[in-house]
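> here's my sequence, what's the structure:
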Amino acid sequence: MGKLADICVRVARPADCELLARLRAALWPDSSAGEHAQELVSILAGKAPGQLPLIELVAEDRSRELVGFAEVGLRSHADGCDAAHAVGYLEGWYVIESHRKRGIGGQLLHAAEEWARKQGCVEMASDALLENELSQRVHEALGYQEVERCVRYRRTL
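Numbers count the residues shown, from 1 in each chain. Next up is the predicted model:
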């Protein structure tokens, strides 16, 4: 999909499952790499877990090591976006620490946005946890605007 210096950003393939699962576990540690791998099998086969499309993009270095990923999907709506159109949604975005500040995250984001445009989207949305100030700064540096802050609650019935 794109190149930045020694980095190639492309759609993930089934052969990427194990390495991609480890990257996902680094971003989302509440699930093990094995649990992520189980979820990835169907995603990488082109079968999103929900009704709307979802893809995994990976950043690969010259030695074919995966150094980052972006999970992007479609949502019927997103806070702060025009409710009349589906929106591209950055579900997850991660670059290994040793490769940060090289533009790889921006390249992944650009590829995610291009995919969303091809799906007919005119907006892209994302989120970051309140305490994840690094993610907030990176989003803003890449042109994303904060639309609201929210604390979500739940109660078991």
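
> select the longest helix from this protein.
Longest helix in the chain by number of residues (criterion: DSSP state H): helix 104-118.

> please pull up the helix or strand immediately following it.
strand 124-125 (DSSP states H and E).

> elements contacting that next one?
strand 87-95, helix 104-118 (3 or more C-beta pairs under 8 Å, 6 or more residues apart in numbering; DSSP states H and E). C-beta coordinates here come from the backbone N, C-alpha and C atoms, glycine included.

> could I get these in a markdown table, plus columns for distance to Val147 and mean neighbour count?
Compiled in a markdown table, those are given as follows (distance: least, C-beta to C-beta, whole Å; neighbours: other C-beta atoms under 10 Å):
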| stretch | distance to Val147 | mean neighbour count |
| --- | --- | --- |
| strand 87-95 | 12 | 21 |
| helix 104-118 | 17 | 20 |
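
> could you dump these into a markdown table with mean pLDDT added?
Output for the helices and strands packed on strand 124-125, formatted as a markdown table (pLDDT from 0 to 100):
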| stretch | mean pLDDT |
| --- | --- |
| strand 87-95 | 92 |
| helix 104-118 | 94 |
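
> same for the longest helix of the chain, what does it pack against?
Secondary elements touching helix 104-118 (3+ C-beta pairs under 8 Å, 6+ apart): strand 2-4, strand 7-11, strand 54-60, strand 66-75, strand 87-95, strand 124-125.

> which residues touch it?
1-2, 4, 7, 9, 55, 57, 59, 67-70, 72, 74, 87-88, 90, 93, 95, 124, 138, 142 (C-beta atoms under 8 Å, 6 or more residues apart in numbering).

> which of those residues are buried, as a PyMOL select command?
Entered in PyMOL, the line below selects the buried ones among those, by 16 or more other C-beta atoms under 10 Å:
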select buried, resi 1+7+9+55+57+59+67+68+69+70+72+74+87+88+90+93+95+124+138
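
> which one of the helices and strands packed on strand 124-125 lies nearest to Arg13?
helix 104-118 (14.7 Å; C-beta to C-beta).

> circling back: for the longest helix of the chain, the distance to its chain's centre please.
Offset of helix 104-118 from its chain centre (C-alpha atoms, centre = their mean, to the nearest Å): 9 Å.

> okay, the angle between it and strand 7-11?
If you take axes from the mean of the first three to the mean of the last three C-alpha atoms, to 10 degrees, helix 104-118 sits at 30 degrees to strand 7-11.
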